[in-house]
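> got a predicted model here, sequence first, then my questions.
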Amino acid sequence: MSASDLPTKEANVLKGHEGAVLAARFNADGNYCLSCGKDRTIRLWNPHRGIHIKTYKSHGREVRDVHVTPDNSKLISCGGDRQVFYWDVSTGRVIRKFRGHESEVNAVKFNEYSSVAVSAGYDQSLRSWDCRSHSTEPIQIIDTFADSVMSVCLTKTEIIAGSVDGTVRTFDIRVGREISDNLGQPVNCISLSNDGNCILASCLDSTLRLLDRTMGELLQEYKGHTCRSFKLDCCLTNTDAHITGGSEDGYIYFWDLVDATVVSRFRAHASVVTSVSYHPKDSCMVTASVDSTIRVWKT
Amino acid sequence: MDERDLVFYGTPIEREEELSSRKKKAVAEASGQLRTLPTWKQEVRDEEGRRRFHGAFTGGYSAGYYNTVGSKEGWAPQTFTSSRKNRAELKQQSILNFLDDDEKADLEGQSLATSTQFDTFGFTASEVARKQADKEQDKRPSAIPGPVPDELVLPAAESIGAKLLLKMGWRHGRSIKDSSTDSLYDARREARKAFIAFSSSDDTKSNIDGDANHVNDHSNSLERPVNDDNLSSQYTPLNALQPKQDLHGLGYDPYKHAPEFREKKRSRVSGTQGPGNSKALTIRDNLFGSKSGKAGPGFGIGALEEYDIEDEDVYTTAYDFEDTVVQEVEDSSKPITDHKHRLTWKEPGILPGFKVASISDYQVEKFNAPEVPKDFVPRHKFAGPLKVEDKTAVPPPPDVPPPEDSNMKVLIEGVATLVGRCGKLFEDLSREKNQSNPSFGFLMGGNGHEYYERKLWEAQQKYKDQKKLPLPSDGKSSQKTEKMNAENRGKILGERPLERSSSSLVSPDVNLQSNLSDTFMKPLQFSELPEVSKPFKDNSAKQERFQQFLKEKYKGGLRSGESGGASNMSEAVRAQERLDFELAAEALEKANRGQQSNLSAQQSMDFLTSAGMQFTSAGVEQSKDTLDKDFEMKKMYPKREENQWRPSPVLCKRFDLVDPYMGKLPPPPRMRGKIDSLVFKAEFIPVPRIGDKTGQNQNRSSGGLQSSAQGVRDGSADEEEDEVVVDVENVERPVDLYKAIFSDDSDEEAETSKVSKVEDPEKKVEVANATLNRLMAGDFLESLGKELGLEVPPDLPPYSHTNQNPSALEKETTGLNPRDGSSVKMVAEVPKSMDDQSPPRGKLDEVKVVKITEEDRKQGSPPPSEDRMDRRHSKRQRRYDSISDSYSSSSGDDSDRDRYSSKSKGRRKKGSSSRDKKSSSSRKHSRRRHHREDVSREYSSSRSSRRDKDRGESKREKRKRRD
């Protein structure tokens, strides 16, 4: 994919959130997107047609992250109210509330089978919740982190999480070991490459770092944007050819994966770009910002 | 002596103190007072004298009939009637049931009833109206004199207006003003006219005029109350005409303190909107409109939750609150104003009941901007404290010959220079400090005071000149040039000052430097230090930072976070530098103090110089070091660590994975059986052995994919291969080791067999630990040696770290078993990973063997026998036997205790595992742990070949370290 195929044209603006939008995520097939924000709601959109489909209200404070199952039937969300909510997508009801985090919950993800949700909290812990049983107790608490856990990714066999203590930790369930890659800088957000071999970690020194997962080598650093105090998302494009991420000045950056040059940058939002999410198949992207809008970008 | 032992006769006299006041009161009341009171005044009190409380819903302080079960009537005999058959009739009681006739008569006159004015449709209307009519009849000059018979004058039960309205389609309970269509409005106006005409004809003639006015003034007719009976249109209270449609709190008026906005708003609404705008729409706008409700800073915080620091809106910059607030108010007030507008008047911008004045007295008061004086210069000049002193010291004190004492002279001059430079404050300080010191008498006006005055003036003069020099644009440049006398010039040129003014040892150009930065600062002691005292002068940036540091240090504790402004430095470097600065500052301070006292100024300068030099060397060197370190740190990251982590069984289940720790560590009881079965499946193990090398070879051949950095490691591959041959030697574990762990017999009994079971589990844990310690130290190696066919001398090097050994042992064993268990499973599932798994174990074990054999050789023991390959199989066999043995031995009746002990051990192990690596004796065991990790690492899929090399390298490193 060449740089010209990057989604730089604004296709839609999704308005509806009041206050900052903290996360926007495509669903598994990329037909819908979910957003959540300071207004304590989760919203479901059709980003391609720019339609607001549904609003999910139940959180007591801001919603920081949301994830949807591959079959689009359930949502998991978390936020400032220290709880993880397990929703039914169609009815909009909360099926279960998982309490246990001692502080705000920064991120949450389903596993492959949507049977477990793993949440990352400010209380320096990862907690995994059972979505199958009726138990609201965490299956397991991982508290080896030394600081707030900001982001979590799940593979088929691993739990990967990035923390402010500067580490990206991989918990291999199959082998039963923890691999901790210390980056020396607070890790804001982590994102897996589509081939699963690399981790992209957004650090608070305004640098994105690409790590080789098997060896823990630093493959590349991507600089140019500003990321010093906010939790900004980053991700790889669907072809893994480019890296994209927001900046605190409202810009969106595209870097070349290999030589780390800024391929494209443009002002997308009036304020901090909190979240970026790339379409799983097409060249399409949604970005969310503090300016309460979500924008859909296409080529 | 207990009181119970005594026998008392008679009534004890109660002591005063023993009685609580309440009790006393209760007793007193009970004794007589209360009896005199009537029943309803008596209060029920308990023993403590408290009023008896029955609960808020059951009577409070008085339940029943004044806290009795009686009634006012007392008890009266009654005949029993079954309530089953004859239900008590419901009696509707009114006040009249309880009144005498005369009382009723009294009431007649003053009973409360709604007046006609407010009760057009009321029930009492007809009655009262009749009376009213009677009264009016008296006053009215009537065609028929005397009282009119009731039959003739019947007041309308329903007002005529209401009747008319009803005929026009109006219904009760509806406001006349509701409908706004013009046709209806017109029709109603006609009706009003008609009914007014009607009522006026019905009423007194005096009213006719007024009513005619009403007819003329349509706009007011609705607002003004029409006469007595004809108030049908008014029955709806006016406030109900303004239903609450906004989202404000009840009774909240957004315009309460700013009525002018209401006016403005109204005019805007009427300008933009037609009267028929639908309310629903505006409300919905309000609720869901995207622009209306931007959340405030406290948005989303419940009433019971505290607004703590986490709730602070980090995004506040993104909002414009003022804007949105105004917007919200506008939106919500739309319905109100719209409504009013429609109701009452057509012209916008007028309050109800008011007209626009044709001539307005009101004039907007205008205030002109303040006039700027012509000579005003828009630049602020800071009046430094020195300048102020300058002015006060304008008349120079007379020149006085210096005192005889040369020491005194030097001291005075020194102090004067300092004070001149640093301000009056310094003088005060030193005066305070040296109050008792006789040599500082000149400060208090004693000996040498005049000389000091003179010197001070000179110093100030000098300082002022120097200070002014760098600011030629001051506007006083002419003055300055005047003051540039020979002395100053000489100083600037570096000439040796004259003897009399030799107080200043400071070269002026230095002062210029510091003054530049100090123009806006209060002059401080250290900011004007001469060049010699600059400890970091060969690093200008650092010197700058040092000066900044000094400034901040003496500012009074308020230090900015960014001291030094060296943002590119790492935290460590900064801290180091800070230490340097502190030291330097301290030295300078000391030097200064020396100057103040009898030390001569020159000496102090020398001292400073030397001190400065000291710091120069040290500081620079160190900073270089730390910079290097910084660089290294950067090179170090990212660094990888691996740890054991135990996923919970449920997690594994949910992830559809096999628990790698199946049944290990804090083993769930039912898992035990599984382990045994797994252990017995061990015959799978040898199979991958054969494939080992091939697997490894494959890995190596695929190693070409790696980055060049790893190519270096390739050379080691051969070595690895050689090592693989040796490996099996100590895969085997001594039998007693397992027994020590898994059977909790006390120490040597483990070897002999399970003879005596120890009593309580706690003791057992202790004993087991002790056993382990001992075993670990000597027995383990000994038995290992035995196993290997070596002779291990009994007096091995002393194991000082014996208490750490068990941890290693535990690690080893726990490491071993999961591997076995999981590997067995893996064979079925992922054969490839099995292939990967074996070689590392071999390698690592080999390392250990090599080490052991080396030791043995040192001890002069025979080398290991050659027939390893032959023994391999048999040994493995034995090993698994032993494992199963140990399990079977422990899985007996004391399996529970067993579990406890192992658990507690495991916990301890965790804590001490970090120390393991340090201790030489346990190093071997802890390597076993690495080994396990290496093995487990093999499971993770793709780039195994790379990892092999990595492992090889790390192993080599370890070996090197050991050597």
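Cool, got the structure.
> ok, how many other residues are close to B:Q547?
22 (other CB atoms under 10 Å in any protein chain shown). In this view, the C-beta of every residue, glycine as well, is placed from N, C-alpha and C.
> now do it against chain A, distance only.
Separation of B:Q547 from chain A (CB to the nearest CB, to the nearest Å): 29 Å.
> that residue sits in which helix or strand?
helix B:540-553 (DSSP states H and E).
> mean confidence for that helix?
Averaged over helix B:540-553, pLDDT sits at 71.
> tell me what it is packed against?
Packed against helix B:540-553 by the contact rule (3 or more CB pairs under 8 Å, 6 or more residues apart in numbering or on different chains; DSSP states H and E) you find helix B:571-596, helix B:601-636.
> mean pLDDT lowest for which of these?
helix B:601-636 (a mean of 46).
> pull out the buried residues from whichever helix or strand comes after that one.
For helix B:601-636, the succeeding helix or strand toward the C-terminus, using DSSP H and E, is strand B:639-644. For strand B:639-644, a neighbour-count test (16 or more other CB atoms under 10 Å in any protein chain shown) marks B:R640, B:E642, B:Q644 as buried.
> can you tell me the average pLDDT over strand B:639-644?
What strand B:639-644 shows for mean pLDDT is 83.
> what strands line up against it, and which way round?
Applying DSSP bridges, strand B:639-644 is found paired with strand A:177-182 (antiparallel).
> using PDB, write out every CA atom in the partner strand.
This file holds the C-alpha atoms of strand A:177-182, laid out as PDB (Å, rounded to 0.1, in the frame of the first residue of the first chain):
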ATOM      1  CA  ARG A 177       5.400 -17.400  32.100                       C
ATOM      2  CA  GLU A 178       5.600 -13.700  32.100                       C
ATOM      3  CA  ILE A 179       7.800 -11.800  29.800                       C
ATOM      4  CA  SER A 180       8.500  -8.300  30.700                       C
ATOM      5  CA  ASP A 181       9.900  -5.900  28.200                       C
ATOM      6  CA  ASN A 182      11.100  -2.800  29.900                       C
END
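> buried residues, stretch A:258-269. List them.
A:A260, A:V263, A:S264, A:A268, A:H269.
> A:H52 contacts A:I42, correct?
No: the criterion here is CB atoms under 8 Å, and A:H52 misses it with A:I42 at 11.7 Å.
> who's more crowded, the two?
Neighbour totals were compared for A:H52 and A:I42, and A:I42 leads with 27 against 15 (other CB under 10 Å).
> partners of that one in the sheet?
Taking DSSP bridges, one obtains A:C36, A:Y56 as the residues bridged to A:I42.
> and the pLDDT for it?
The model reports A:I42 with a pLDDT of 91.
> which residues touch it?
A:I42 is in contact with A:L34, A:S35, A:C36, A:T55, A:Y56, A:K57, A:H59, A:V63, A:V66, A:L75, A:S77, A:W87, counting by CB atoms under 8 Å, 6 or more residues apart in numbering or on different chains.
> distance check, the third one against chain B.
With the distance defined as CB to the nearest CB, A:C36 ends up 13 Å from chain B.
> list the contacts of that residue.
Applying CB under 8 Å, 6+ apart to A:C36 gives the contacts A:V21, A:L22, A:A23, A:I42, A:R43, A:E62, A:V63, A:R64, A:D65, A:V66, A:S77, A:G79.
> now the most centrally placed residue in chain A: closest residue in space that isn't a chain neighbour?
Using CA atoms, centre = their mean, the residue of chain A that lies closest to the mean C-alpha position is A:D233, 6.1 Å off. Sequence neighbours aside, A:S275 is the residue nearest to A:D233 in space, at 4.4 Å (criterion: CB to CB, 6 or more residues apart in numbering or on different chains).
> for that neighbour, what is the enclosing helix or strand?
strand A:273-278.
> I'd like the average pLDDT over that strand.
On average, strand A:273-278 scores 90.
> and what of stretch A:198-214?
89.
> would you mark the buried spots in it?
Residues of stretch A:198-214 classed as buried by neighbour count (16+ other CB under 10 Å): A:198-204, A:206-214.
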